[in-house]
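*Asks:* Okay, here's the prediction I keep looking at, along with the sequence it came from:
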Amino acid sequence: MANENNFQDIIAHCKEYGYIFPSSEIYDGLSAVYDYGQNGVQLKKNIRDQWWKSMTQLQDNIVGIDAAIFMHPLTWKASGHVDNFSDPMIDNKDSQKRYRVDHLIEGHAEKLEQEGRKEEARALLAKMDSLLAKDDFPALKELILSNGIVCAVSGTANWSDIRQFNLMFQTQIGSVSGEADTIYLRPETAQGIFVNFLNVQKTGRMKIPFGIAQTGKAFRNEIVARQFIFRMREFEQMEMQFFVRPGTELDWYAHWKAERKKWHESIGIPADKLRYHDHVKLAHYANAAVDIEYEFPFGFKELEGIHSRTDYDLKQHQGLSKKKMQYYDNDLDENGKPYGNYIPYVVETSVGLDRLFLAVVSMSYKEEKWQKEDGTEDSRVVMRIPPKLAPYKLAILPLVKKDGLPEIARDLMHECKEFFHTFYEEKDSIGKRYRRMDAIGTPYCVTVDHQTKEDHTVTIRDRDNMTQERIHLNEVIQKIREAIK
RNA sequence: GCGGAAGUAGCUCAAUUGGUAGAGCGAUAGCCUUCCAAGCUAUAGGUUGCGAGUUCGAGACUCGUCUUCCGCUCCA
């Protein structure tokens, strides 16, 4: 069974074998940020490619886009990110409760008012507004202390300093400082799809129901980082927003709920490691929501979210942009009349690519021990990554570094690399090289030996069961392509 | 954010009461040629996380700081 110790081993293995490095490690690292190494980038790309193919190429009514990370600031006003998550916060050190500063002071003003001290309340709020406008946090804290405002839980005034709680990363657009405007790094890719809804629908002549898919980076200023790449400040999402006729959204929600779980199983994730988790408490924009959870070494956690987002987002954008986010539906209803104009409802599927990566790595990592024929114990660390996701598909190994074997191996290498990632290695004993390939998860190894010179056959070794068979040189490419289909 | 623990070579760890920083594995080059790790030779790799202090002398003691891990907290 998986456990925490195993998880530490997985993290160490990821670094040791070029999958994941802590960001900026030579400068002591950057909290909650990680880099993908030479093997990690390939695995990540392969997962992303599988998703992209399944969501666009294999679908009749879904197209992809790639929206910019920078978006007009009003986008985040519309989505609710600006108003809800960028306020000054203060913590009470005794109760460890966190408050929005404006809520805390307003609450106190209300109490004053009830006590009939209306003038004081008004003065307090006026003072607060002017200080908030100036972002004068020390003065705001002083205001809280001088008014004797205490925590409702602990009853104490043991307050931390006031800090800005920023969900979103800010930066400046415009090369001349002073004239610059604040913009945000997107906290979710979904809004790039919503703001392009009309563009795609019109230029692609899309008919409802249809979907728009996108993969890309998103950024969140989280408070703390834990659990390796499960929660990062910079992460990659794979999202698809599916636009449907109002009233049909829950049918489509059920459809995608089932489809998405099937997809995870199709890339090799065991069904018993997956489960649904229905949301009881729904976000402000949803009328149904479910997580597909994976059993990580630290427990079942969200891998993908499927949300019925109603028409919330398009309606919000219509309100702020003054552009009609409408679709004219020519299909006939039960009375034989066209459905006509409406704002489509949206069913969202949103996977964390980094989380999926971690799921694949977690399920693949195995430490194995067994008895050899002579009675001694043998062991290996193997990454049983599904072949179609593995960074390298094939390793080509000359049995010895002489007798013309490397030359044959290199010729084969040259042919293979047109079709899939191939690794070449001639140093050390053959057993050692097999172990190295096991450790990075290469599913197949072809070994060129002396017999190859006589009959043009090689051995091909299977990573998972360590068995070998002998095949003709001409069969190698076809066999690997078949295995990674 | 709070509490606890830990930072020595790429990895795992040594280094006696405070007295010259080491080993194994790994890496690199060469030898050997052997189908499942651990054959031979050589080489490289360290301001002991960082900064102060105590001391004739600090990897070790004191203080500060940074990072990581564990448990709470947070995670629309």
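*Replies:* Arrived safely. Numbering: from 1, shown residues only, chains lettered A, B, ... in the order given.
*Asks:* Distance check, residue A:107 against RNA strand B.
*Replies:* 18 Å (C-beta to the nearest atom of the strand, to the nearest Å). Backbone N, C-alpha and C define where each C-beta goes, glycine included.
*Asks:* ok, now which ones touch that residue?
*Replies:* Listed by C-beta atoms under 8 Å, 6 or more residues apart in numbering, residue A:107 has no contact partners.
*Asks:* Residue A:464 now?
*Replies:* A:382, A:384, A:443.
*Asks:* What is the burial count for the second one?
*Replies:* I take that to be residue A:384. Residue A:384 has 18 neighbouring residues, counting by other C-beta atoms under 10 Å.
*Asks:* Test my guess that it contacts residue A:366.
*Replies:* Yes - between residue A:384 and residue A:366 there is a contact under C-beta atoms under 8 Å: 5.9 Å.
*Asks:* May I have the phi/psi pair for the residue in the stretch 301-450 of chain A that RNA strand B sits nearest to?
*Replies:* Nearest residue of the stretch 301-450 of chain A to RNA strand B, counting by C-beta to the nearest atom of the strand: residue A:431, 2.7 Å away. Main-chain dihedrals, residue A:431, degrees, to the nearest 10: phi -60, psi -40.
*Asks:* Kindly provide the distance from it to residue A:467.
*Replies:* Remark: distance between residue A:431 and residue A:467 (C-beta to C-beta, to the nearest Å) = 15 Å.
*Asks:* If you drop the residues flanking it in sequence, what lies closest to residue A:183?
*Replies:* Distance criterion C-beta to C-beta, 6 or more residues apart in numbering; nearest residue to residue A:183, sequence neighbours excluded, is residue A:173 at 4.7 Å.
*Asks:* quick one: contacts for that neighbour?
*Replies:* Residue A:173 touches A:70, A:180, A:181, A:182, A:183, counting by C-beta under 8 Å, 6+ apart.
*Asks:* Show me what counts as buried in stretch A:333-350.
*Replies:* Buried residues in stretch A:333-350, defined by neighbour count with 16 or more other C-beta atoms under 10 Å: A:339, A:342, A:343, A:344, A:345, A:346, A:347, A:348, A:349, A:350.
*Asks:* what's the following helix or strand after the one helix or strand in chain A whose mean pLDDT sits lowest?
*Replies:* Counting by mean pLDDT, DSSP states H and E, chain A has its least confident helix or strand at strand A:163-164, which shows a mean of 66. Next along the chain after strand A:163-164, taking DSSP states H and E as the criterion, comes strand A:170-173.
*Asks:* That next one pairs with which strands, parallel or anti?
*Replies:* strand A:181-184 (antiparallel) (DSSP bridges).
*Asks:* Packing partners of the next helix or strand after the partner strand?
*Replies:* Downstream of strand A:181-184, the first helix or strand assigned by DSSP H and E is helix A:190-194. Under the contact definition 3 or more C-beta pairs under 8 Å, 6 or more residues apart in numbering; DSSP states H and E, helix A:190-194 sits against helix A:73-79, strand A:210-219, strand A:234-244, helix A:312-321, strand A:345-352.
*Asks:* Could you check the pLDDT of residue A:291?
*Replies:* Residue A:291 carries a pLDDT value of 92.
*Asks:* typed the wrong thing, it's residue A:294
*Replies:* pLDDT at residue A:294 comes out at 92.
*Asks:* what's it sitting at in phi/psi?
*Replies:* phi -120, psi 140.
*Asks:* swap in residue A:310?
*Replies:* Taking degrees, to the nearest 10, you get phi 50, psi -150 for the backbone angles of residue A:310.
*Asks:* How about the contacts made by it?
*Replies:* A:249, A:285, A:286, A:287, A:345, A:346.
*Asks:* Is RNA strand B within reach of stretch A:185-196?
*Replies:* Yes - on the criterion C-beta under 7 Å from any atom of the strand, stretch A:185-196 is in touch with RNA strand B at A:187, A:188.
*Asks:* so where is the stretch 151-300 of chain A shaky, pLDDT-wise?
*Replies:* Counting by pLDDT under 70, the stretch 151-300 of chain A has low-confidence residues at A:153-155, A:163-166, A:175-180, A:222-225.
*Asks:* Same question for the stretch 1-150 of chain A.
*Replies:* A:1-5, A:84-87, A:92-98, A:135.
*Asks:* those helices in it, which residues are they?
*Replies:* Using DSSP state H, counting those that start in this stretch, the helices assigned to the stretch 1-150 of chain A run over residues A:4-16, A:40-52, A:73-79, A:81-84, A:101-114, A:118-134, A:137-146.
*Asks:* Just send these back as TSV, with distance to residue A:262 too.
*Replies:* Output for the helices of the stretch 1-150 of chain A, formatted as TSV (distance: least, C-beta to C-beta, whole Å):
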stretch	distance to residue A:262
helix A:4-16	26
helix A:40-52	13
helix A:73-79	30
helix A:81-84	32
helix A:101-114	44
helix A:118-134	50
helix A:137-146	51
